[in-house]
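In: Sequence and predicted structure below; questions after.
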Amino acid sequence: MEIHNEINNDIKFLTKSEIRLKILSELENNPNSIHELVKKTKITYSSVSSNISKLENNNYIKKIKSKYYLNPITKIYYQTLMDFKKSVEIINNYSEFWNKHNLNQINIDSLRNITDLKDSQLIETTSLDIYKTHNAIKTQIMESKSLKAIFPYLHPEYPQLIEKILKKNGKVEIIVPKSISHALISKIDPKIKQTSISDKNLTIHPVENDLKIYLTICDESMSFGLFKNDESYDQNRILISNTKKSQTWAENLFENIKYDVIK
């Protein structure tokens, strides 16, 4: 409890003043003198000096010669605060995506690293384009030579898209409910399917467990969808991204769910 209170007090102290946060932001990158901080932050000398004294007296920063440095623990606090800020921004920016949706199958590490999705784009269907989300995913898959996916339902075009990748000697690994696995596999050309399985280019994981996540990972992109709280899949909105961080995030989520549901 004492440690918890100490951390709370540290966070309260550091976030209580916007000036302190600006000073920490500058010191995180490089040590600075008070005059340099005044110039960079455009805050008055008296305000910078006052907050520098408070930070130094409370052992958050240290002075070496004329420059101030962040102490190691302060760096951790500051980075944690910035990560939290980014997480809140992601949730707020895509509130329609997260609100009233089932997040139970997203593991703790994926939630903790949700900032890796900060450059994602929210795709939503409209009354004039009800296939907007599917077409965005389809484009990603068609341009890819590999695919990892969690398909909680079977779209009629999925077997064709998978077959297209396999024809290019690409790799496909898919987690699907057992109830749709046969329908998916049976619609792939038998010769291509058999050769791909023998060459370990096609792996299908049929699972008994309910899947509450939609996920695709292509060569240079990923897409991510959720179920609503009423247990229906929300086909009206997905997050898509082509950043390395988002792909790594998706890979980790895929492997975690695979480990979880395949016994």
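Out: Cool, the structure landed.

In: For residue 225, which residues count as its bridge partners?
Out: Beta-bridge partners for residue 225, by DSSP bridges, are residue 214.

In: what about it, how many neighbours?
Out: The local packing of residue 225 (other C-beta atoms under 10 Å) involves 23 other residues. Quick note: C-beta positions are derived from backbone N, CA and C, even for glycine.

In: Enumerate every residue touching it.
Out: With contacts defined as C-beta atoms under 8 Å, 6 or more residues apart in numbering, the neighbours of residue 225 are 133, 213-215, 233-235, 237-239.

In: and with 7 Å instead?
Out: 214, 233-234, 238 (C-beta atoms under 7 Å, 6 or more residues apart in numbering).

In: for these, which one is nearest residue 118?
Out: Nearest to residue 118, judged by C-beta to C-beta, of these is residue 238 at 16.2 Å.

In: what pLDDT does the closest one get?
Out: Looking at residue 238, its pLDDT is 95.

In: Distance check, it against residue 129.
Out: Applying C-beta to C-beta, to the nearest Å, the value for residue 238 to residue 129 is 14 Å.

In: So for those two, which sits in the more crowded spot?
Out: Applying other C-beta under 10 Å to residue 238 and residue 129 shows that residue 238 carries more neighbours, namely 26 against 10.

In: ok, what's across the strand from the more buried one?
Out: Under the criterion used (DSSP bridges), residue 238 bridges to residue 123.

In: Can we start the residue count at 47 from this point?
Out: Okay, residue one is now 47; in that scheme the one you just asked about reads as residue 284.

In: so it touches residue 268, yeah?
Out: No. With contact defined as C-beta atoms under 7 Å, residue 284 does not count as touching residue 268 (10.0 Å).

In: before we move on, the earlier item: what is the most widely separated pair among the contacts of residue 271?
Out: Of all pairs in the contacts of residue 271, the most separated under C-beta to C-beta is 279 and 284 at 10.5 Å.

In: the strands in the stretch 47-196 of the chain, which residues?
Out: Secondary structure of the stretch 47-196 of the chain, counting by DSSP state E, counting those that start in this stretch: strands at 107-110, 113-116, 147-148, 167-170, 192-196.

In: Take those strands and lay them out in JSON lines including distance to residue 94.
Out: Listed next are the strands of the stretch 47-196 of the chain as JSON lines, based on distance: least, C-beta to C-beta, whole Å:
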{"stretch": "strand 107-110", "distance to residue 94": "12"}
{"stretch": "strand 113-116", "distance to residue 94": "10"}
{"stretch": "strand 147-148", "distance to residue 94": "44"}
{"stretch": "strand 167-170", "distance to residue 94": "39"}
{"stretch": "strand 192-196", "distance to residue 94": "50"}
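
In: among the ones you listed, which is the most enclosed?
Out: Of the strands of the stretch 47-196 of the chain, the one with the most neighbours on average (mean count of other C-beta atoms under 10 Å) is strand 192-196, at a mean of 21.

In: That one: partners in the sheet, and parallel or antiparallel?
Out: strand 217-223 (parallel), strand 259-263 (antiparallel).

In: now it: mean pLDDT?
Out: Mean per-residue pLDDT for strand 192-196: 97.

In: Pull out the buried residues from the next helix or strand after that strand.
Out: Later in the chain than strand 192-196, the nearest helix or strand by DSSP states H and E is helix 204-213. Of the residues in helix 204-213, 204-205, 207-212 count as buried by neighbour count, 16 or more other C-beta atoms under 10 Å.

In: any low-confidence regions in the stretch 197-309 of the chain?
Out: Filtered on pLDDT under 70, the stretch 197-309 of the chain yields the residue ranges 309.
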